[in-house]
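Student: Build me a model from this:
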Amino acid sequence: MSGHLRVIGLGQAAAGDDRVGLAVLEHLRTRGVPDGVELLEAAEPSALLPLLETPVPVVLVDAVLAVPAGEVLELTADALEQRGFSTLSSHGLGVAQAVALARLLSPEAVSPSIRIVGVSISRPERFREGLSPEVAAAIPHAAARVLSSFSPPETGVPPCTSPR
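Tutor: This next block holds a predicted model:
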């Protein structure tokens, strides 16, 4: 599907609050998204590389280690590193590094607009199902933030550019 916004949720289903990116996607699917919004999942940041190759804006949704848990943050990949936040990955490559690598490997193919909607969590827990109450409460806010800058394509007849 080619759209006008690509939303990629990151996370692991059995890692407690680390699944928040996937939970936000589930929320968006349940509520419905406007035409032109594409929802994709990635288990970890290295899986982002081919998913970032698109001409449309991309929103990455992920857990961010920060206090207090359940805060919704919106950042660029550069700001993520500069502010000292860490997205979660047990694979050694974080979201900011994955974006930087994608831009290095395919500068003309990677989306020119990538932003991150993060939900702060205090600590990931392996083999734990479900989200903490603080993080679960943040899901509707994060979903709204994901779609906040989406502007669907204009409908109707394009303006005439040549004289009659």
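Student: can you tell me which residue is nearest the centre of the chain?
Tutor: Leu60 (1.5 Å; Cα atoms, centre = their mean).
Student: Tell me, how many residues neighbour Glu44?
Tutor: When neighbours are counted by other Cβ atoms under 10 Å, Glu44 registers 18. C-betas here are computed from N, CA, C, even on glycine.
Student: Can you show me the strands along the chain?
Tutor: 5-10, 37-42, 58-65, 72-76, 86-87, 114-121 (DSSP state E).
Student: which residues does the residue nearest to the centre of the chain bridge with?
Tutor: Ile8, Ile116 (DSSP bridges).
Student: got a pLDDT number for it?
Tutor: On pLDDT, Leu60 comes in at 96.
Student: where's it relative to Leu147, distance?
Tutor: Separation of Leu60 from Leu147 (Cβ to Cβ, to the nearest Å): 14 Å.
Student: now swap in Ala100 and tell me
Tutor: Applying Cβ to Cβ, the value for Ala100 to Leu147 is 26 Å.
Student: now swap in Ser111 and tell me
Tutor: Counting by Cβ to Cβ, the gap from Ser111 to Leu147 is 17 Å.
Student: More neighbours: those two, which one.
Tutor: Comparing Ser111 with Leu147 by other Cβ under 10 Å, the one with more neighbours is Ser111, at 20 against 16.
Student: which residue packs closest to the more buried one, ignoring adjacent ones?
Tutor: Closest residue in space to Ser111, ignoring its immediate chain neighbours: Val58 at 4.4 Å, by Cβ to Cβ, 6 or more residues apart in numbering.
Student: Now do that neighbour against Val146, distance only.
Tutor: As for Val58, its distance to Val146 is 11 Å (criterion: Cβ to Cβ).
Student: ok, back up a step: export the strands of the chain to JSON lines and append columns for distance to Ile139.
Tutor: Below are the strands of the chain laid out as JSON lines (distance: least, Cβ to Cβ, whole Å):
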{"stretch": "strand 5-10", "distance to Ile139": "11"}
{"stretch": "strand 37-42", "distance to Ile139": "14"}
{"stretch": "strand 58-65", "distance to Ile139": "10"}
{"stretch": "strand 72-76", "distance to Ile139": "9"}
{"stretch": "strand 86-87", "distance to Ile139": "17"}
{"stretch": "strand 114-121", "distance to Ile139": "8"}
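Student: Can you find the helix or strand in this protein with the smallest mean pLDDT?
Tutor: Among the helices and strands of the chain, strand 86-87 carries the lowest confidence by mean pLDDT, DSSP states H and E, at a mean of 52.
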